[in-house]
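> Build the 3D model from these lines:
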Amino acid sequence: MKAKEYNEKLSKMTLDELKKEEAELKTQLFKLRFQQATTVMENPMQLKFVKRDIARVKTAIKKLEIAQQVENA
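Sure, this is the predicted structure:
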């Protein structure tokens, strides 16, 4: 999925959904790192893509948290 499409998908998610997505991506990253250490990976660039997706999710979470703080202030 392209970055722009993924960011649009993330912007439509709630805070709980974003945190769930982050946990899933972290699990996927752990599995990929384990696979890299034990066997030859088909696509080593997948690690890079998962890390970027985690960063995108964290950014979306932070935006929502800031928006909630502004609403409460």
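
> Go through the biggest helix by length in the chain and flag the buried ones.
For the chain, the helix reaching the highest residue count under DSSP state H is reported as helix 45-72. By neighbour count, with 16 or more other CB atoms under 10 Å as the criterion, the buried positions of helix 45-72 are 47, 50, 53, 54, 56, 57, 60, 61, 64. (C-beta placed from N, C-alpha, C; glycine too.)

> now residue 10: how far from residue 17?
Distance, residue 10 to residue 17, using CB to CB, to the nearest Å: 9 Å.

> Please say which of the two ends up with more neighbours.
Comparing residue 10 with residue 17 by neighbour count (other CB atoms under 10 Å), the higher total belongs to residue 10, at 19 against 13.

> pretty sure the more buried one is touching residue 60, no?
Yes: using CB atoms under 8 Å, residue 10 is in contact with residue 60, at 4.2 Å.

> overlap in contacts of the two?
residue 18 (CB atoms under 8 Å, 6 or more residues apart in numbering).

> so residue 42, which of the three states?
Using DSSP: H, G, I helix; E, B strand; the rest coil, the structure places residue 42 in coil.

> so what pLDDT did residue 72 get?
On pLDDT, residue 72 comes in at 86.

> Residue 3 too?
85.

> And for residue 7?
For residue 7, pLDDT reads 89.

> Quick check: which element contains it?
Element membership for residue 7 (DSSP states H and E) is helix 3-11.
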